[in-house]
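[1] show me how the following folds:
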Amino acid sequence: MAMSSGQPVPSLTQEILGHLGLASKTAAWGTLGTLRTCLNFSVDKDVQRLLRAIAGPGVDRSTIVDVLTNRSREQRQLISRTFQERTQQDLLKSLQAALSGDLERLVVALLQPAAQVDARELRTALQVAGPAKDVATEILATRAPAQLQECLAAYKHDFQTEVEEDIKVETSGVLRDLLLALAKGSREGYSGIIDYNLAEQDVQALKQPAGPCSEGTWVIILTQRNLEHLRRVFELYRQRTGHELEEAVQTRFHGDSQVALLGLASVIRNTALYFAEKLHRALQEPEPNYQALMRILISRSETDLLSIRAEFKKKFGKSLYSSLQDAVRGDCRSALLALCRAEDL
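    Coordinates of the predicted model:
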């Protein structure tokens, strides 16, 4: 019989907001992002600032960064349209001509629609062999249903093919099945009711000996059940077997399939921590992975980057802001720091 659960354990972010007296304001903000709609926004002033920044004797990069990292994506889209109307020039092309390198790529990602950016990242991830394919899992597993549908539509428009077709061509085995299932966007929503019987059934199914049939069961369970249910399944699995589910993944799966399943398990357990760990890995490379830093900071800046910052500080003992300050160099440094927003003491 389905029963409601007890009191949920508060997340680190909820605890922090509670201590700050902000917990009740989260719903009003509607986001745990670092970047919100600018309240004293003047599109005409922003257009003039950007025009002066690229039309003068030298490109004023600081002004470009200041404008674009202090406006929501919706406001940036309005700036682009108004710039076109006022000047008969394409703002994105004008900025691309004025900039180069990582800062140019970052500005493109800020100005383009989110769905178009995701579609491009997804296409690149599918076509590159090896660890880069985990970006496909990231995008398909962490976007809200409406965002995912927009991404898939942009993918078809920009590349003249369905993402499912590219998944079938570029991947195989469990990874292919997992990505195809995620692309369908058929994960159940949380109803507030916990089905204890189904949780037990899922644990028993995941415990079955390795084989083609059991691999399909893993894909179905991890891509279709709601996240609250899966977190209970993970806990029950540990109670019944004495092992974490991820240990079974490492034993039963290999290569890209293992990476994808471990990534998906991390998303299910704690999405903010999943992104915090990816940011940490990007910063620990001999040369920071700027593409990963840009993708995550931009895509999460209006949703849950505050949560990611809190998990980063908790896990690694150092703030994300300080970590970026220490590791990042070059023209895009100020923009990445602006997206991160502030130090966590």
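
[2] just confirm Gln325 contacts Ser334, I think it does.
    No. Counting by C-beta atoms under 8 Å, Ser334 is not a contact partner of Gln325; they are 10.5 Å apart. (Glycine included, C-beta is placed from N, CA and C.)

[3] isn't Leu179 up against Lys168?
    No. The criterion here is C-beta under 8 Å, and Leu179 misses it with Lys168 at 9.4 Å.

[4] more crowded one of those two?
    Leu179 (29 against 13; other C-beta atoms under 10 Å).

[5] ok, the closest residue in space to the more buried one that isn't next to it in sequence to Gly216 distance?
    Using C-beta to C-beta, 6 or more residues apart in numbering and skipping the chain neighbours, the partner closest in space to Leu179 is Ile167 (4.8 Å). Using C-beta to C-beta, to the nearest Å, one obtains 16 Å as the distance from Ile167 to Gly216.

[6] what does stretch 198-216 rub up against?
    With contacts defined as C-beta atoms under 8 Å, 6 or more residues apart in numbering, stretch 198-216 is touched by 174, 177, 217-218, 221, 225, 229, 232-233, 236-237, 240-241, 245, 248, 252-253.

[7] got phi/psi on the residue sitting furthest away from the middle of the chain?
    Most distant from the centre of the chain: Pro57, at 37.9 Å, with distances by C-alpha atoms, centre = their mean. Per-residue torsions, Pro57: phi -60, psi -30 (degrees, to the nearest 10).

[8] now Ile194
    With angles defined as degrees, to the nearest 10, Ile194 sits at phi -100, psi 120.

[9] and it, what are its bridge partners?
    Met3 (DSSP bridges).

[10] count the neighbours of it for me.
    So Ile194, with other C-beta under 10 Å, has 18 neighbours.

[11] same deal with Glu228?
    18.

[12] identify the residue spatially nearest to it, adjacent ones excluded.
    Of all residues beyond its chain neighbours, the one nearest Glu228 is Tyr190 (4.7 Å), with distances taken as C-beta to C-beta, 6+ apart.

[13] thought that neighbour was touching Leu230?
    No. Contact criterion C-beta under 8 Å: Tyr190 and Leu230 do not qualify, at 10.2 Å.

[14] got the CA positions of stretch 163-177 in PDB?
    The C-alpha trace of stretch 163-177 is given here as PDB (Å, rounded to 0.1, in the frame of the first residue of the first chain):
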ATOM      1  CA  VAL A 163      19.000  13.600 -31.800                       C
ATOM      2  CA  GLU A 164      17.800   9.900 -31.500                       C
ATOM      3  CA  GLU A 165      19.300   9.200 -35.000                       C
ATOM      4  CA  ASP A 166      22.700  10.600 -33.900                       C
ATOM      5  CA  ILE A 167      22.500   8.600 -30.600                       C
ATOM      6  CA  LYS A 168      21.900   5.400 -32.600                       C
ATOM      7  CA  VAL A 169      24.800   6.100 -35.000                       C
ATOM      8  CA  GLU A 170      27.400   7.500 -32.500                       C
ATOM      9  CA  THR A 171      26.800   5.200 -29.500                       C
ATOM     10  CA  SER A 172      26.000   1.500 -28.700                       C
ATOM     11  CA  GLY A 173      25.000  -0.900 -26.000                       C
ATOM     12  CA  VAL A 174      23.800   0.400 -22.600                       C
ATOM     13  CA  LEU A 175      25.000   3.900 -23.300                       C
ATOM     14  CA  ARG A 176      22.800   4.100 -26.500                       C
ATOM     15  CA  ASP A 177      19.800   2.700 -24.600                       C
END
